[in-house]
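K.L.:
next come a sequence and a model predicted from it.
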Amino acid sequence: MAGRHSFMTYTRAQLDDADRRIEEMFDSGQQLAAALHQAEGYRNFVASLTGLLTAVFVLKGQEDLSKLDTGPRWAVVSLLITGFLALIVASWLGVVAVHGRPGEEFYGEPNRLLDYEAGRTRRIWVLVEWSRWLALTGVLAVAAAVIVTWAAPGK
């Protein structure tokens with residue numbers, strides 16, 4: 001094939017169906033459902049990742065940090081605090097993205113519902129993005145702490 005685009009011909013029914021699906025994709029209710037689905041996936045990912053990291057650190061990290069020199073010991077402690085705080089906040093943001101705030105009201109009239117769906121979808125994307133980056137930061141910080149315990153000279 002010479003290019004990236006294929007030149008196929010479609011029936012009127014196929015084009016009408018594709019147009020209907022595009023309109024559905026831009027429907028605020030569909031976008032909210034998609035955002036919630038993605039947020040649930042990230043929340044589950046952060047939860048499983050936190051458990052995995054905890055297991056790795058417990059099994060592979062140095063058990064007695066007092067054997068490390070002062071500089072590496074404080075580096076490990078700082079990295080662990082940073083990592084676990086980032087993972088806790090990432091988990092919290094995932095929960096907020098999926099479940100919203102308790103008592104949030106949006107019922108009453110169609111305009112309020114549509115405004116809620118559009119605003120909630122935007123908030124979910126923002127929360128998921130922050131959760132994703134915090135989870136990555138947490139993972140890297142905990143992994144760095146483990147590496148320091150392996151590589152740093154002891155007393």
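P.N.:
Alright, I've got the coordinates. Numbers count the residues shown, from 1 in each chain.
K.L.:
where does the protein have its least confident helix or strand?
P.N.:
Every helix and strand in the chain was compared by mean pLDDT, DSSP states H and E; the lowest is helix 28-60, with a mean of 73.
K.L.:
phi and psi next, for L68.
P.N.:
Note on L68: backbone dihedrals following degrees, to the nearest 10 are phi -80, psi 150.
K.L.:
what is the burial count for it?
P.N.:
20 (other Cβ atoms under 10 Å). Where C-beta positions appear, they are placed from N, C-alpha and C, glycine not excepted.
K.L.:
how about V148?
P.N.:
V148 has 21 nearby residues by other Cβ under 10 Å.
K.L.:
and the angle for the following helix or strand past the least confident helix or strand of the chain with helix 28-60?
P.N.:
Heading C-terminal from helix 28-60, the first helix or strand you meet, by DSSP states H and E, is helix 70-99. Interaxial angle of helix 70-99 relative to helix 28-60 (axes from the mean of the first three to the mean of the last three Cα atoms, to 10 degrees): 150 degrees.
K.L.:
show me what helix 70-99 packs onto, helices and strands only.
P.N.:
helix 28-60, helix 110-151 (3 or more Cβ pairs under 8 Å, 6 or more residues apart in numbering; DSSP states H and E).
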